[in-house]
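Participant: Sharing a model that was predicted from the sequence below.
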Amino acid sequence: MNQEPLPQIHLIRDTDLSVFAYELHIFAGDFLRECEFNMRSLATNTGADSIAIMGKNHIWLSDALFAYCSTADLYQMISTTEFIGARAFLFHTDRREGGHLYGDVLMMDLDTLRQDIKRNILYPCGVNIERKDGSAATVSLKEWTEMELYEKDALKSWGFSYAPNQVTEWQYHYSTMFRQWMDQAFRYMPQDLEERLNMQYMEAAQNPDMDKYRIPQGTAKQMLLYDEAPVYRLLPSGSEKIAPIAAISTGLWYENYREFAIAPEDLGALDKLIRRETDRLTGNLPQLHKNEERRPAPER
């Protein structure tokens, strides 16, 4: 993937966005600490488009509009991220079924997205304020800067406002760019892209085992807790299968070597865990799933 010519744009068509977003947090690195926030951001976004930025140690997912708003946190993260391998994932929702979102995903290097943002930055035209008595108003930027600090502290809430025509123009521009990027993209199946991302995650391990799939420590704990499938610890001497009781009784989680993996034939068990966690984070009631054939192991 890193040897392909830039811009690196990869497309997944009509997939379960909720599941794919969760899988990004475990197949491409250890991002579980941010998973719940990002999954809820995706599920509650009132617009059709969301953007996730993946750096070396963090993923931040939010409304796509905030990537272009000069005062938004997502814009600030995109502007200040210096990690060379940073990626952007653009989620476009077409429909919602059974509590899950479905649509298309574009993955590209962050600089491709950043160049478009620089040409189309949105600047605020004022500040929306809400006082503690419930009254609301919009003040100009000049009025906002002239307000005393104690006046701002007395507000119930405030936020920068953008002109509606600006937002409408951005929506048209973004939808046009999304279609153009789709036309330029390499088409992938979700499992194929996850495979390639996971290979890079495994290569970054202290003791890689390229015949297995690397998983974060939190996922390893869950699989051992529910006895989903064998879990292996990546050691200098090779992969070592972990006995569930030993993981607790020996204080495994506090030892130096805390890199874990599963075998390709056990991807079906990991799918079960992913489905359960995705349902939980999207607010779906637990359902009884019939036994399914295990996901076929892709060639590595």
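Facilitator: Thanks, I have it.

Participant: any chance you could map the strands in the stretch 101-250 of the chain?
Facilitator: Here the stretch 101-250 of the chain has its strands, by DSSP state E, counting those that start in this stretch, at 126-131, 136-139, 155-161, 186-187, 213-215, 232-235, 238-241.

Participant: Determine which stretch of those is the most buried.
Facilitator: Of the strands of the stretch 101-250 of the chain, the one with the most neighbours on average (mean count of other C-beta atoms under 10 Å) is strand 213-215, at a mean of 26. Every C-beta, even on glycine, is put in place using the N, C-alpha and C of the backbone.

Participant: elements contacting that one?
Facilitator: Counting contacts by 3 or more C-beta pairs under 8 Å, 6 or more residues apart in numbering; DSSP states H and E, strand 213-215 packs against helix 190-203, strand 260-262, helix 267-281.

Participant: Relative to Val167, which of the ones you listed is closest?
Facilitator: Ranking the helices and strands packed on strand 213-215 by proximity to Val167 (C-beta to C-beta) places helix 267-281 first, at 28.5 Å.

Participant: residues in contact with the nearest residue to Leu225 once chain neighbours are set aside?
Facilitator: Leaving aside its sequence neighbours, Leu225 sits nearest to Pro244 (C-beta to C-beta, 6 or more residues apart in numbering; 7.7 Å). Residues counted as contacts of Pro244 (C-beta atoms under 8 Å, 6 or more residues apart in numbering) are 224-225, 227.

Participant: any low-confidence regions in this protein?
Facilitator: The chain contains residues with pLDDT under 70 at 1-7, 246-257, 285-300.

Participant: residues of whichever helix in it runs longest that come out buried?
Facilitator: When the chain is parsed with DSSP state H, its longest helix is helix 164-184. For helix 164-184, burial by neighbour count (16 or more other C-beta atoms under 10 Å) applies to 170, 174, 178, 181-182.

Participant: Can you pull out the residues in contact with that helix?
Facilitator: Applying C-beta under 8 Å, 6+ apart, the contact partners of helix 164-184 are 7, 9, 11, 49, 64-65, 68, 90, 92, 104, 106, 108, 112, 116, 120, 122, 125.

Participant: same thing with stretch 201-213?
Facilitator: Contacts of stretch 201-213 (C-beta under 8 Å, 6+ apart): 27-29, 198-199, 214, 232, 234-236, 238-239, 257, 259, 261-264, 267, 270, 300.

Participant: List buried residues within the residues you listed.
Facilitator: 27-29, 198-199, 214, 232, 234, 239, 259, 261-264, 267, 270.

Participant: Do I have it right that Phe66 meets Tyr75?
Facilitator: Yes. Because the distance of 6.3 Å satisfies C-beta atoms under 8 Å, Phe66 is recorded as touching Tyr75.

Participant: Tell me both backbone torsions, phi and psi, for Asp63.
Facilitator: Recorded main-chain torsions at Asp63 are phi -50, psi 130, according to degrees, to the nearest 10.

Participant: so how far is Arg95 from the closest residue to it other than its chain neighbours?
Facilitator: The shortest distance from Asp63 to any non-neighbouring residue, by C-beta to C-beta, 6+ apart, is to Asn45 (5.2 Å). Distance, Asn45 to Arg95, by C-beta to C-beta, to the nearest Å: 14 Å.

Participant: what about these two, which has more around it?
Facilitator: The residue with more neighbours, out of Asn45 and Arg95, is Asn45; 19 against 10, by other C-beta atoms under 10 Å.

Participant: Who are the contact partners of the more buried one?
Facilitator: Here Asn45 is in contact with 62-63, 93 (C-beta under 8 Å, 6+ apart).

Participant: Show me how this protein divides into domains.
Facilitator: 9-122+164-191, 126-161, 205-281 (automatic domain parsing).

Participant: Distance from the chain centre to the shortest one, please.
Facilitator: When you say that, I think you mean domain 126-161. The chain centre lies 33 Å from the centre of domain 126-161; the measure is C-alpha atoms, centre = their mean, to the nearest Å.
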